[in-house]
Every structure is written in C-alpha cells, then in structure tokens.
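1. following is a predicted model, sequence given first.
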Amino acid sequence: MQTDPRRPFGRLLTAMVTPFDADLALDLDRAAELATYLVDEMANDALVINGTTGEAPTTSPEEKAELVAAVVAAVGDRAQVIAGIGAFDTAHTVKLAEQAAGAGAHGLLVVTPYYSKPPQRGLLAHFRAVADATDLPVMLYDIPKRTGTPIETSTLLELAEHERIVAVKDAKADIVGSGQVIAISAERGTPLAYYSGEDALTLPLLSVGAVGLVGTSTHFTGLLAKEIITAYEAGDVARALRVHRLAEPLFTGIFATQGCMLVKAGLALRGRPVGGLRLPLVPASEDETAALAARLAEVGL
C-alpha cells in the first residue's frame, strides 16, 4: 500500500466504534462489517481502532489486539489501520504499541498521557519512548480538554525531528498555533501532517496547511468530509464551504453527548446496529436519539 509522505495516513480517517454482542463481548464479525462499510462506502483512507470513540478505556489489551487483527484482515489491503495505544503509563503504552505492531497495525495513535499532567519534558520522553518501540509511524493526539495537558508548540517541533513521528491529530482548537507548527516543521524539513480531531474544524485547519480529518461523524458524513478535503485541495474553496455548511449539523451534533454513544445510536437508526456500550457509558436516550435523527435528516442522510 503506497502512501503520500505529505499525507502519511491519507486524507480521511474515522475513529471507529467497537461493536459488542448482546453480552457486551467483542463482536469481531460485526467489526469487520463496519470497517468494510467505512472504507468501501464512506471513502475512508484509514481507520483508527481502539480510540476513545472505540471505548478503549473499557477493553483489555487482548481485546485490543483481536480487534486490530480483525480489522486488518477485513480492510488492510486497501486502507491503513491505525491502533490507538494511549495510556497514562509510558511502560504500558510501549507494550500496547508492540502488541499493535504484532497484530498487523499500520500506524499508532498516541494520546498525551492523561490525568498525571506531565511537564513538557516528560511528554518528550514519553512520545520518544513509544516511537522507539516499533517501526510503525506515529500520529500524536493533542487533546488537552480530555488529557489536561497540551503539547506545546516547541515540544511538537522537537518531536517532529523523530523519524517515526509523522502526524498530529489536532483537537486543541488553536488554529494559529497549529498553523505555526505546520509551517515551521515544513521549513525545517521535518514536516508534521496535521489532521483535524474536531470534525467541524476540518476546513479551518485545511486553510493553515492541514491535510485531513480523523472524524467521528464520518461514520455517516464520510463522503461529505472527503468532498470538503478534495475540493479545498483542488482550489474550489466555495464548494468546500458549501459542503461544510451542509455537514455542520452532524459535525457538531455528534458531540451533543459522548460521541460513541450517538454514533452507535445513529448506526442503529441506519440499519447497522453494533450493540451497546460498556459502563460507564450508556446508550443514548430517546431524546438524544431523536435529536440525532433530526440532524441526519437535515443533512440528507
């Protein structure tokens, strides 16, 4: 599978939910079906498995490996499979990285260690240790509203010097700062490919040099999101903006509550049920599901 170094994971990625059966055990057959749908019908270039949207805090290391292997078997010949391996413990994160590589993952998504709030020099040591653990390319996940710690501009630029740290999933909502990292890292010959981690910020981030999206609403809006990205890259900013405005109700509405709750509700509405959620998450309420149905209809989906 050939990749463009400017877009090491393609343009469009979805952080995939994890299907469970009636007993809340992994449903690997349904995971393969969902992955196939996302790649073949929603135009994803890659899938992120075992992320927050995939309820990774509730799955065991063994389940994580099984899920990666199942998705690689289903779509790994035509899409990259990126394994989320984030934890607040570096040693455990390294073990998850090695396990993901053994399961056939094509890349790693590594979130900032959460809760412990390490200093920036701790982040440097953490991410370098993980990147050194395997030969897989690494996407950093910068989401301070969840982790409590941003990856600062100077830290990102230092990390860009590592040969396997190639991309950032950016959910920091700092367009100016992100644009600076994109520009300076490119000038230094160590470019970081930026992917929006907020569906609704895809177009603004493209305007400062980002290359794509790691989405959640893209379980439904994949074709629209892909059109925004390709239209913008082709110089048709007006069309990109029209499609952005069309998709915006779902780009934002999917986060009216925890994203994976509404994704699973929406998939059920569309005849693709993927089971329930493991506590502490719970199924979307009737009101939440009705509001999502209205947004799907508003977008024409």
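-> Good, I have the coordinates.
2. so where do the strands sit in the stretch 151-300 of the chain?
-> With DSSP state E, counting those that start in this stretch, the ranges of strands along the stretch 151-300 of the chain come out as 165-170, 193-196, 212-215.
3. most neighbours per residue, which of those strands?
-> strand 212-215 (a mean of 30; mean count of other Cβ atoms under 10 Å). From N, CA and C alone the C-beta is placed, and that goes for glycine too.
4. which strands or helices does that one pack on?
-> Judged by 3 or more Cβ pairs under 8 Å, 6 or more residues apart in numbering; DSSP states H and E, strand 212-215 is in contact with strand 12-15, strand 193-196, helix 202-206, helix 218-233.
5. dump the ones you listed to a markdown table, plus distance to Asp135 and mean pLDDT.
-> A markdown table is the format used below for those (distance: least, Cβ to Cβ, whole Å; pLDDT from 0 to 100):
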| stretch | distance to Asp135 | mean pLDDT |
| --- | --- | --- |
| strand 12-15 | 20 | 98 |
| strand 193-196 | 18 | 98 |
| helix 202-206 | 28 | 98 |
| helix 218-233 | 28 | 98 |
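6. now render those as CSV, adding distance to Asp132.
-> Formatted as CSV, the helices and strands packed on strand 212-215 follow (distance: least, Cβ to Cβ, whole Å):
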stretch, distance to Asp132
strand 12-15, 24
strand 193-196, 20
helix 202-206, 29
helix 218-233, 31
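7. single out the most deeply packed of these.
-> Most buried of the helices and strands packed on strand 212-215 by mean neighbour count (mean count of other Cβ under 10 Å) is strand 12-15; its value is a mean of 29.
8. of all the helices and strands packed on strand 212-215, which lies closest to Leu281?
-> Closest approach to Leu281 among the helices and strands packed on strand 212-215 is made by strand 12-15 (14.7 Å; Cβ to Cβ).
9. name the residues that touch that closest one?
-> With Cβ atoms under 8 Å, 6 or more residues apart in numbering as the test, strand 12-15 has contacts from 38, 42-48, 51-54, 82, 84, 195, 212-216, 218-219, 222, 225-226, 229.
10. give me the sheet partners of it and which way each runs.
-> Sheet pairing of strand 12-15 (DSSP bridges) gives strand 46-49 (parallel), strand 212-215 (parallel).
11. okay, those in CSV with mean pLDDT and distance to Gly107 next?
-> Output for the strands paired with strand 12-15, formatted as CSV (pLDDT from 0 to 100; distance: least, Cβ to Cβ, whole Å):
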stretch, mean pLDDT, distance to Gly107
strand 46-49, 98, 8
strand 212-215, 98, 11
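12. using TSV, lay out those strands together with distance to Tyr114.
-> TSV is the format used below for those (distance: least, Cβ to Cβ, whole Å):
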stretch	distance to Tyr114
strand 46-49	17
strand 212-215	18
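13. closest one to Leu159 among these?
-> That would be strand 212-215 among these, by Cβ to Cβ, at 17.8 Å.
14. how near is the nearest residue to Arg270 once chain neighbours are set aside to Ala247?
-> Once flanking residues are discounted, Arg270 sits nearest to Phe220: 7.2 Å by Cβ to Cβ, 6 or more residues apart in numbering. Distance of Phe220 to Ala247, computed by Cβ to Cβ, to the nearest Å: 9 Å.
15. need the residues touching each of those two.
-> Val299.
16. helices of the stretch 1-150 of the chain, start to end?
-> Counting by DSSP state H, counting those that start in this stretch, one finds helices in the stretch 1-150 of the chain at the ranges 28-40, 61-75, 90-102, 120-133, 144-147.
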